[in-house]
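Novice: what's the 3D shape of this:
(2 chains)
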Amino acid sequence: MKVHLQELVKAALHDLVSAGVFDLALPESIAIDRTRDASHGDFACNIAMVLARAARCKPRDLAEKVVAHLPKSDRVEKVEIAGPGFINFTLTPAAYHSVVGDIVEAGEAYGRSDIGAGKRVQVEFVSANPTGPLHVGHGRGAAYGATVADLLAAVGFQVHREYYVNDAGRQMDILATSVWLRYLELAGETLTFPINGYKGDYIWDIAADLHCGHGDSYRHATADVFNAIPADEPAGGDKEDHIDALIMQAKKLLGEEGYLTFFDRALDVILSDIRQDLEEFGVVYEEWYPERSLVSSGKVDAAIAQLKKSGHVYEQEGALWFRSTDYGDEKDRVVVRDNGIKTYFASDIAYHWHKLNRGFDRVIDIWGADHHGYVPRVKAALTAMGDKEDADRLDVLLVQFAILYRGGQKAQMSTRSGEFVTLRELRDEVGNDAARFFYVMRKCEQHMDFDLDLAKSQSNDNPLYYIQYAHARVCSVLRQMDEKGLSYDQGSGLKSLNLLEESHEQALLRTLSRYPEVVEAAALNHEPHQLVHYLREAANDFHTYYNAHQFLVDDGALRDARLTLIRAARQVIYNGLGLLGVSAPESM
RNA sequence: GCCCCCGUAGCUCAGCAGGAUAGAGCGUCCCCCUCCUAAGGGGAAGGCCACACGUUCGAAUCGUGUCGGGGGCACCA
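Specialist: Below you'll find the predicted structure:
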């Protein structure tokens, strides 16, 4: 529709210029916007104000000339000039009636498009360290990432969803060591658990499982384990030195094979738990990309070599530094520590470098907002290694924290304390639908207060129920129709749409026609919340209509028309909820 | 100190590639079922869009600065 109006205006301007009325360059694009107020018609064009200066003409006069030269269109009922020089278009009812046909014809595909033109987009999200169950902070990234990915797929992008598994590095060693220490306790040893170890119940579970399977074969006396280990923090030492020494001790006492038994089991159990959790949440991936494969295949070394080749690398005090300040970072960053261990930054560079070389047109990372300082240095490295355009293909979307409130009380979410609220607990409490919906209700850069009581409430306070109820209500009407022995004929309904003359019907039609634009905007701007708000409006239009008019009327043609309309509304709500990963119940 | 996000109705938030009287939900106050689920609908009250300058025909929207809230600034991952 917008395109149609743009063409009309363009044609009018072309006429005016070629007739020599104005001497100006035709604008690249002509803005046609939905009006906010129905008294301004359906669409408005501001072109007269934009061109007024160049045309040396008052906006309203210019607008009048444009209107006079507009080609005729059967979809436009009237054109008015208003305010400072807006050209307002009011569409004919027939123009809106065609929307119903479009929806009926497209069904579940209504709202989908191919503007993505099959371009390959990778969306990497969650990627939480496999050191414990997902908590509610990860949940927001999961819901947001999954929805953004689905939206992009809906508008024609070829989407590759990926979870980067940080299964190498120090945190994993701390995990393996934590499990071993718990195992020792189960085997009968008495020890003081390190302050920096993982203390969650799931560590005990994994340890118990291993103790069950292997008995005491990995048992060592506490005295040997803690022999020559520097003191932990409560004892006046450094907690980092303490845990690092314990890791070394575990590797030494257990040997490579024994150590890997603990390491692999912990990783397996936790990763499959995460995978299952996400699957139950409706979040699935095309690929789980292990950091270990990056290391073992030599990609990290290759990346470092590439970085060296760029000339932006130097050695200082035994460490290898990347001069990221050359690219506007505030300080240089270490890539290889003086003890020879590569930093997390090194594998991250390698991962992203490799990602950009995997043939994606666009790469989207979804990170927690606490990582924002990381963006410039990753981009700096990619720019140094390739060219600027490579780095520009990477979009990093930062998701702010979600804070849970239960009865006004803030919930803990520290992975280390063992007293966090897990995603699974949240899902059990409010259900998958409410969790998915509430997480994407706010734009991602907005700090979010997640009100558990509201998400659980089955009342009109809860926007999710309001939308789902609209869907269920249509289903209910159709059930009533059967019970009353009334007939419905879609073909007749489509032919009788001209009977839909009520203002409520016009309003609903107008809203339904917007759906494809909303999906497109939500996808391209990575803003699922736009779809949430739209669905609420659509549900509102439907509920209002429901209250104002009877659908199951005696007049067969009118009944067919109205039922066709509300079935179209149901389809749009169904499609929209589907994109949000939320169910559309047939009865409530 | 530097960087990121936020500051719109009592509360939670839309609106922000500039546009015509600033919107919704909740809460408050009225009203609507002999009728397809009242888990609904209609109406009222409620705002110097944090503040100040600037750009513009036009600023909640763009720019700069100030103030307030949240977060981040390791040879950790």
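
Novice: now the strands: where do they sit in the stretch 251-400 of chain A?
Specialist: In the stretch 251-400 of chain A, the strands defined using DSSP state E, counting those that start in this stretch lie at A:287-290, A:313-316, A:319-322, A:333-336, A:362-368, A:394-399.

Novice: Adjacent strands (with direction) for the third one?
Specialist: Strand A:319-322 pairs in its sheet with strand A:313-316 (antiparallel), strand A:333-336 (antiparallel), by DSSP bridges.

Novice: Show residues contacting that strand.
Specialist: Defining contact as C-beta atoms under 8 Å, 6 or more residues apart in numbering, one finds that strand A:319-322 is touched by A:304, A:307, A:312-315, A:332-338, A:345, A:349, A:377, A:380-381, A:384. Where C-beta positions appear, they are placed from N, C-alpha and C, glycine not excepted.

Novice: so which of these also contact RNA strand B?
Specialist: A:334, A:337, A:338, A:345 (C-beta under 7 Å from any atom of the strand).

Novice: Correct me if wrong: the third one contacts residue A:316.
Specialist: Right, the one you point to is residue A:338. No. Using C-beta atoms under 8 Å, residue A:338 makes no contact with residue A:316, being 9.3 Å away.

Novice: Pipe the strands of the stretch 251-400 of chain A into CSV and attach mean neighbour count and mean pLDDT per row.
Specialist: Shown next, in CSV, are these (neighbours: other C-beta atoms under 10 Å; pLDDT from 0 to 100):
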stretch, mean neighbour count, mean pLDDT
strand A:287-290, 16, 95
strand A:313-316, 13, 92
strand A:319-322, 20, 94
strand A:333-336, 20, 93
strand A:362-368, 20, 92
strand A:394-399, 18, 90
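
Novice: Can I get those strands in a markdown table including distance to residue A:52?
Specialist: Output for the strands of the stretch 251-400 of chain A, formatted as a markdown table (distance: least, C-beta to C-beta, whole Å):
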| stretch | distance to residue A:52 |
| --- | --- |
| strand A:287-290 | 54 |
| strand A:313-316 | 56 |
| strand A:319-322 | 53 |
| strand A:333-336 | 52 |
| strand A:362-368 | 38 |
| strand A:394-399 | 37 |
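
Novice: Okay, now the unreliable bits of the stretch 101-250 of chain A?
Specialist: Counting by pLDDT under 70, the stretch 101-250 of chain A shows no low-confidence range.

Novice: RNA strand B contacts on that one?
Specialist: Taking C-beta under 7 Å from any atom of the strand as the contact definition, the stretch 101-250 of chain A meets RNA strand B at A:129, A:166, A:168, A:169, A:170, A:171, A:172.

Novice: Which one of those is nearest to RNA strand B?
Specialist: Within the set of those, residue A:169 lies nearest RNA strand B; the separation is 2.6 Å, counting by C-beta to the nearest atom of the strand.

Novice: is it true that the closest one touches residue A:344?
Specialist: Yes. Counting by C-beta under 8 Å, residue A:344 is a contact partner of residue A:169 at 6.2 Å.

Novice: So for these two, which residue has more residues nearby?
Specialist: residue A:169 (17 against 14; other C-beta atoms under 10 Å).

Novice: list residues touching both of residue A:169 and residue A:344?
Specialist: By C-beta under 8 Å, 6+ apart, residue A:169 and residue A:344 have no common neighbours.

Novice: Quick one: closest of the strands paired with strand A:319-322 to residue A:289.
Specialist: With C-beta to C-beta as the criterion, residue A:289 lies closest to strand A:333-336 of the strands paired with strand A:319-322, at 20.6 Å.

Novice: ok, and what's touching the closest one?
Specialist: A:304, A:307, A:313, A:319-322, A:324, A:342-343, A:345-346, A:349, A:377.

Novice: just stretch A:185-199 next, same as before
Specialist: Residues contacting stretch A:185-199 (C-beta under 8 Å, 6+ apart): A:131-132, A:174-175, A:177-178, A:181-182, A:184, A:203-204, A:207-208, A:211, A:216, A:219, A:221-222, A:225-226, A:232-234, A:239-240, A:242-243, A:246, A:415-418.

Novice: Now the buried members of these.
Specialist: Of the members of these, the ones counted as buried by neighbours, 16 or more other C-beta atoms under 10 Å, are A:131-132, A:174-175, A:177-178, A:181-182, A:184, A:203-204, A:207, A:211, A:219, A:222, A:225-226, A:232, A:239, A:242-243, A:246, A:415.

Novice: Using PDB, list the CA coordinates for stretch A:87-98.
Specialist: Provided in PDB are the C-alpha atoms of stretch A:87-98 (Å, rounded to 0.1, in the frame of the first residue of the first chain):
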ATOM      1  CA  ILE A  87      -1.000  15.300   2.100                       C
ATOM      2  CA  ASN A  88      -3.400  12.900   3.700                       C
ATOM      3  CA  PHE A  89      -4.700   9.800   2.000                       C
ATOM      4  CA  THR A  90      -7.900   8.000   2.900                       C
ATOM      5  CA  LEU A  91      -8.200   4.600   1.500                       C
ATOM      6  CA  THR A  92     -11.400   3.100   0.100                       C
ATOM      7  CA  PRO A  93     -13.000   0.300   2.100                       C
ATOM      8  CA  ALA A  94     -12.200  -2.100  -0.700                       C
ATOM      9  CA  ALA A  95      -8.500  -1.400  -0.300                       C
ATOM     10  CA  TYR A  96      -8.800  -2.800   3.300                       C
ATOM     11  CA  HIS A  97     -11.100  -5.600   2.400                       C
ATOM     12  CA  SER A  98      -8.400  -7.100   0.200                       C
END
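
Novice: So is that stretch next to RNA strand B?
Specialist: Yes. Using C-beta under 7 Å from any atom of the strand, stretch A:87-98 reaches RNA strand B at residue A:88.

Novice: what does the domain assignment say about chain A?
Specialist: A:2-91, A:463-579 (automatic domain parsing).

Novice: from these, which stretch is densest packed?
Specialist: Stretch with highest mean neighbour count among those: domain A:463-579 (a mean of 19; mean count of other C-beta atoms under 10 Å).

Novice: Is RNA strand B within reach of that one?
Specialist: Yes. Judged by C-beta under 7 Å from any atom of the strand, domain A:463-579 comes into contact with RNA strand B at A:463, A:465-466, A:469, A:472-473, A:475-477, A:479-480, A:521, A:527, A:529-530, A:533, A:536, A:540, A:543-544, A:546-552.

Novice: Filter those residues down to just the ones in helices.
Specialist: If you go by DSSP state H, the residues of domain A:463-579 next to RNA strand B have A:463, A:465-466, A:469, A:472-473, A:475-477, A:479-480, A:521, A:529-530, A:533, A:536, A:540, A:543-544, A:546-548 in helices.
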